[in-house]
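Colleague: Quick one: sequence and predicted model below, then my questions.
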Amino acid sequence: MRTLEEQIEVTAPVGTAWSQLHRVAEYPEFVGGVVHATARGRRHADLEVEFGGERHRVDAELTDHGRGRVMSWETDGPPLRGTFALRPLDATHTRVQVRLEYDPEELKEALGGPRGFAQSRAVEEAVRSDLRLFKQLCEE
């Protein structure tokens, strides 16, 4: 299992970032590969994702962890698990921390793409890109 941790500072109050994180229908605007997203109740999101030149349906389970502004998620395929933690820096700035756990071999089987280091690098770049897009949405 590999673990990737990234963070970015957003010029927005923590409440704004928290609200944006919960706008499931807007996931295609900041999560690479997500073409369509719909909330299903408070704990699930139905995602239509594109990878390997094909579209797939993915169920994501979302879990909020109290007032700590932490959301965990796990997908039924591709095999990904992660956590978003939002930390207020002051009244108008928030640190967004992402922790992603994945098995490179399972991810390779589910998504195709490169092996080994090249795949890890591709995952890192995708997460960084998603964070930059999330920052833009929060700051608009």
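Modeller: Now that the structure is in, tell me what you want to look at. Here the structure is a predicted model, which means the values were calculated and not measured. Residues are numbered from 1 along each chain as shown.
Colleague: Output the below-cut-off pLDDT ranges for this protein.
Modeller: Filtered on pLDDT under 70, the chain yields the residue ranges 66, 107-119.
Colleague: 90 instead, please
Modeller: For the chain, residues meeting the criterion pLDDT under 90 lie at 1-2, 32-33, 41-42, 49-56, 65-68, 76-80, 102-124, 126.
Colleague: How far off centre is the longest helix anywhere in the chain?
Modeller: The residue-count maximum for a helix in the chain (DSSP state H) belongs to helix 116-139. Between the centre of helix 116-139 and the centre of its chain there are 9 Å (C-alpha atoms, centre = their mean, to the nearest Å).
Colleague: which strands and helices sit next to it?
Modeller: strand 2-10, helix 14-21, strand 93-102, helix 104-111 (3 or more C-beta pairs under 8 Å, 6 or more residues apart in numbering; DSSP states H and E). C-beta: built from backbone N, CA, C; applies to glycine.
Colleague: Would you format the ones you listed as TSV with distance to residue 77 and mean neighbour count included?
Modeller: Below are the helices and strands packed on helix 116-139 laid out as TSV (distance: least, C-beta to C-beta, whole Å; neighbours: other C-beta atoms under 10 Å):
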stretch	distance to residue 77	mean neighbour count
strand 2-10	17	14
helix 14-21	22	19
strand 93-102	12	18
helix 104-111	6	16
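Colleague: For residue 67, find the nearest of these.
Modeller: helix 14-21 (10.3 Å; C-beta to C-beta).
Colleague: got the buried residues for the next helix or strand after that closest one?
Modeller: Downstream of helix 14-21, the first helix or strand assigned by DSSP states H and E is strand 34-40. Neighbour counts over strand 34-40 (16 or more other C-beta atoms under 10 Å) mark 34, 37 as buried.
Colleague: Residue 69: how many residues sit nearby?
Modeller: 19 (other C-beta atoms under 10 Å).
Colleague: measure residue 44 to residue 80 for me?
Modeller: 15 Å (C-beta to C-beta, to the nearest Å).
Colleague: Skip the chain neighbours and tell me the closest residue to the residue nearest the centre of the chain.
Modeller: Using C-alpha atoms, centre = their mean, the residue of the chain that lies closest to the mean C-alpha position is residue 31, 6.1 Å off. Nearest non-adjacent residue to residue 31, counting by C-beta to C-beta, 6 or more residues apart in numbering: residue 130, 5.5 Å away.
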